[in-house]
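>>> Got a predicted model here, sequence first, then my questions.
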Amino acid sequence: MYVALKGGEQAIDNAHGWLAEARRGDPSVPEISPAQIAGQLSHATDRAMAEGSLYDPELAALAIKQARGDLIEAIFLLRAYRTTLPRFGFSAPVDTSRMTLERRISATFKDIPGGQILGPTFDYTHRLLDFEGAAPQPAKQAEEGLSDTMPRVLELLDAEGLIEPPGRSAGGEIGDVTRESLEFPARRDVRLQCLARGDEGFLLALGYSTQRGYGSNHPFAGEIRVGEVTVEFEPPELGFAIELGDIRVTECELVNQFAGSATEPAQFTRGYGLVFGHGERKAMSMALVDRAMRTEELGEAVTAPAQDQEFVLSHCDNVQATGFVEHLKLPHYIDFQSELQLVRGLRRAAQSASTAVIKEAAE
Amino acid sequence: MSPLDEATAAAAPAQPANTDGYNFAYLDEQTKRMIRRALLKAVAIPGYQVPFGSREMPLPYGWGTGGIQVTASIIGPDDVLKVIDQGADDTTNAVSIRRFFRRTAGVPTTERTEDATVIQTRHRVPEVPLQAGQILVYQVPTPEPLRWLEPRETETRKMHALQEYGAMHVSLYEDIARHGVIAKSYNYPVCVNGRYIMAPSPIPKFDNPKMDRSPALQLFGAGRERRIYAVPPHTPVKSLDFEDHPFTVQSWEESCALCGATDSFLDEMIVDDQGKRLFVCSDSNYCERRREPAGGEGAL
């Protein structure tokens, strides 16, 4: 029998050719363009940008096309591109109270200054398949834009001292998880960075687990806002900030039930989520898990997976996770051969031992 | 005026073209029968959580899929439906669910509490006392009252079976030790018919007394957690407390800015950037009715 030991090169070329053909699909159907993906599959593009940690809708759309719609693969492509870019420095903190808002809701007060703005949301649609949806739809123009300065709801609670003040980074120093390795316990800025690029599904499940009793923290959606915010950068040689451009972000501020004790008066606590693009599920999951990981800091007992920052942060990155899970497809001949040897040896030893016992019994 | 909404009369036809393929009130009759069996069992064992084969609904989990399934299973063409969320008929989710039933069942709807035969609610019990013959359907996110003490279902079911409720009482006692009061303001646990501890769903504890010996049938649907439970008419429902720390409900220093009510649950609204507050009735129908001629008057 002939066993193919060589030929890997040819096999890879063939596989790539087949992949290109499969990606294109039926040639009688028009090819999809990145512009169509960015324009019409914007949630996919937004998710790829958020978890790819790269704000560029065109590149994200290209990545999604190249990945045949596999979003983790697209995120991987974006990360691999992002890592080649030079880093100039840190932008100034974005001011989300000055946003061009598309959507802004609070679940804690019936009415708030500036009002509740539903914006483009699936929330109150009935999930009945719209069989006409396949046909071209006439474009619907939204009405005039909203005020670009709206106070955040939590600031209004803050004025009364009902909620803890927003967190500050220790000594103004900010970590960068793309450049430094994680150290535990991780500071909140580092944790939030990990969560911002963490897998939506994983954080969703963890956030959900806290709602089902595994590390309960009684959340209320203080405010969720979606809109465009200006990114500014202050070059050291200029000494003042210049505008780089606008990015669309989703921000979620959760109000959680109080920490407090016999000595400290009760106060609401915060969980925070911020992601690129329109991604409410992700922003909310992030805020739930952020609050859960503050368990220790707030003097509560760590009992659930979502509260264990080492568990969460070590497993939330889907590019890392998919790499290690899928690497099991790679050859493991050598390790397996070694295991085979070992197991065979152990079985032989066990067998001869039992034969010896039987012999003994027979004698 | 007719007991029905003007809006209802003007609403879209009972069966718009795109719901043609669906049964009356969306669910198929087999599913409704399965849910009604679960409801019967729930009524027979007040406060006991009956597992049921919850279906995927066209609204997301958390939006009231349990309540919608219960309503869909009990509603008939002669029923009059009221839907509230946070006490109000005009909140987005209430509007959406009311539209859903108008679309799929074509039933008349109303905002007047006493005119409704079925009231689906999220987070409130109407201020106007319910009558015999009315059914209040609660939307329930977490049916298990012991969940915040014990995350595992296998354990909590055992605790209910053995009536092993010590952990709950200890937890309430710990609140008193820490804060001087039982620090639960909503979803305040109750004991039904002296047997099962039950989650009243996240209604404010203000509403708990309304559940006690109510002449109306109270049904609870939890879609995501696949549980149904019930409080039959005239069943005792007791909010857990201690002799020296008796159960009390919330009260406000303010009165409703619209109708002047001092006996209703008030919503707080922030009306300007300086954080000025205004309080109004959460039960929008109660408030409106009080403002009709011969009603009360508020600050506005």
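Thanks, I have it. Numbers count the residues shown, from 1 in each chain, chains lettered A, B, ... in the order given.

>>> going forward, measure contacts between C-alpha atoms and count neighbours the same way
Will do.

>>> what mean pLDDT does stretch A:125-138 have?
Per-residue pLDDT values across stretch A:125-138 average out to 75.

>>> Repeat that for stretch A:255-268.
For stretch A:255-268, the per-residue pLDDT averages 76.

>>> Next, the distance between the ends of that stretch.
6 Å (C-alpha to C-alpha, to the nearest Å).

>>> next one: stretch A:215-235 to chain centre, how far?
Distance of stretch A:215-235 from the chain centroid (C-alpha atoms, centre = their mean, to the nearest Å) equals 14 Å.

>>> How about stretch A:264-279?
Offset of stretch A:264-279 from its chain centre (C-alpha atoms, centre = their mean): 16 Å.

>>> Quick check: buried residues in that stretch?
For stretch A:264-279, the neighbour count (16 or more other C-alpha atoms under 10 Å in any protein chain shown) marks A:266-279 as buried.

>>> do the same with stretch B:130-139
Result for stretch B:130-139 [16+ other C-alpha under 10 Å]: buried residues B:L130, B:Q134, B:I135, B:L136, B:V137, B:Y138, B:Q139.

>>> OK, contacts around the last one?
By that I understand B:Q139. Under the criterion of C-alpha atoms under 8 Å, 6 or more residues apart in numbering or on different chains, the neighbours of B:Q139 are B:64-68, B:120-123, B:201, B:220-222.

>>> The residue of the stretch 101-250 of chain A found nearest chain B: neighbour count?
Chain B sits closest to A:R127 of the stretch 101-250 of chain A, with a gap of 4.2 Å, by C-alpha to the nearest C-alpha. Residues lying near A:R127 (other C-alpha atoms under 10 Å in any protein chain shown) number 12.

>>> do the same with A:G323
For A:G323, using other C-alpha under 10 Å, the count is 11.

>>> Now for it: which residues touch it?
By C-alpha under 8 Å, 6+ apart, A:G323 has no neighbours at all.

>>> if we can go back for a sec, now, among the buried residues of stretch A:264-279, which is nearest to A:R103?
A:H278 (9.7 Å; C-alpha to C-alpha).

>>> before we move on, back to that, show the contacting residues for the residue of the stretch 101-250 of chain A closest to chain B.
B:M57, B:P58, B:L59.

>>> circling back: strands - which of the contacts of B:Q139 land there?
Among the contacts of B:Q139, the ones falling in strands (DSSP state E) are B:Q120, B:T121, B:R122, B:F220, B:G221, B:A222.

>>> Does the fourth one touch B:P232 like I think?
By that I understand B:F220. No. Using C-alpha atoms under 8 Å, B:F220 is not in contact with B:P232, being 11.0 Å away.

>>> where do the strands sit along the stretch 151-300 of chain B?
For the stretch 151-300 of chain B, applying DSSP state E, counting those that start in this stretch gives strands covering B:190-192, B:196-198, B:217-222, B:227-231, B:237-239, B:266-270, B:277-281.

>>> A helix includes A:E237, no?
No. Counting by DSSP: H, G, I helix; E, B strand; the rest coil, A:E237 is not part of a helix but coil.

>>> Next up, phi/psi of it, please.
Per-residue torsions, A:E237: phi -70, psi -20 (degrees, to the nearest 10).

>>> Widest-spaced pair of the buried residues of stretch B:130-139?
Maximum distance among those (C-alpha to C-alpha): 17.4 Å, for B:L130 and B:Q139.

>>> And the next helix or strand past the helix ranked longest in chain B?
Identified as the longest helix of chain B according to DSSP state H is helix B:29-44. Counting by DSSP states H and E, the next helix or strand C-terminal to helix B:29-44 is strand B:50-51.
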